[in-house]
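**Student:** Sequence and predicted structure, then a few things I'm wondering about:
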Amino acid sequence: MKKVGIIRCRQTEDMCPGTTDFRIASQGTLAFEETGPVEIIGFVSCGGCPGKRAIARAKLMVDRGAEAIVFTSCISKGNPIGYPCPHYANMRDAIIKKIGPDVKIIEYTH
């Protein structure tokens, strides 16, 4: 089973407990169809706009065994409020630069 660390939007924490993210990760569906069921080893927020804390948090999850970093759909697709994060591309690129090319990036959950 692959181990993943999930980064969510701090702005949507009060309207989404992450239930769907946990369910599809354990079932290996939607964004996890390629990997199959995964173990979530960390579920953290980006730290708030513009997402600078996400970089250190992603590195910490990788150091603790994450083989992939997953961005929740609230960041990349704007679920449930219909407004994707305007800082997403910069945050993703900075994380990739920090953790290196060997750690898979999954850009959404559901």
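**Tutor:** Thanks, I have it. Numbering: from 1, shown residues only.

**Student:** How about residues contacting the host helix or strand of Asp93?
**Tutor:** Taking DSSP states H and E as the definition, Asp93 sits inside helix 88-99. Contact with helix 88-99 is made by 46, 50-52, 54-56, 58-59, 62, 69, 71, 75-76, 85, 105, 107, as judged by Cβ atoms under 8 Å, 6 or more residues apart in numbering. For glycine as for every other residue, the C-beta is placed from the backbone atoms N, C-alpha and C.

**Student:** 7 Å instead, please
**Tutor:** By Cβ atoms under 7 Å, 6 or more residues apart in numbering, the residues outside helix 88-99 that reach it are Cys46, Gly51, Ala54, Ile55, Ala58, Lys59, Val62, Ile69, Phe71, Ile75, Ser76, Ile105.

**Student:** can you give me the strands in the protein?
**Tutor:** According to DSSP state E, the chain carries its strands in the segments 2-8, 38-45, 68-71, 104-106.

**Student:** report the angle between the axes of the helix holding Asp93 and strand 2-8?
**Tutor:** 140 degrees (axes from the mean of the first three to the mean of the last three Cα atoms, to 10 degrees).
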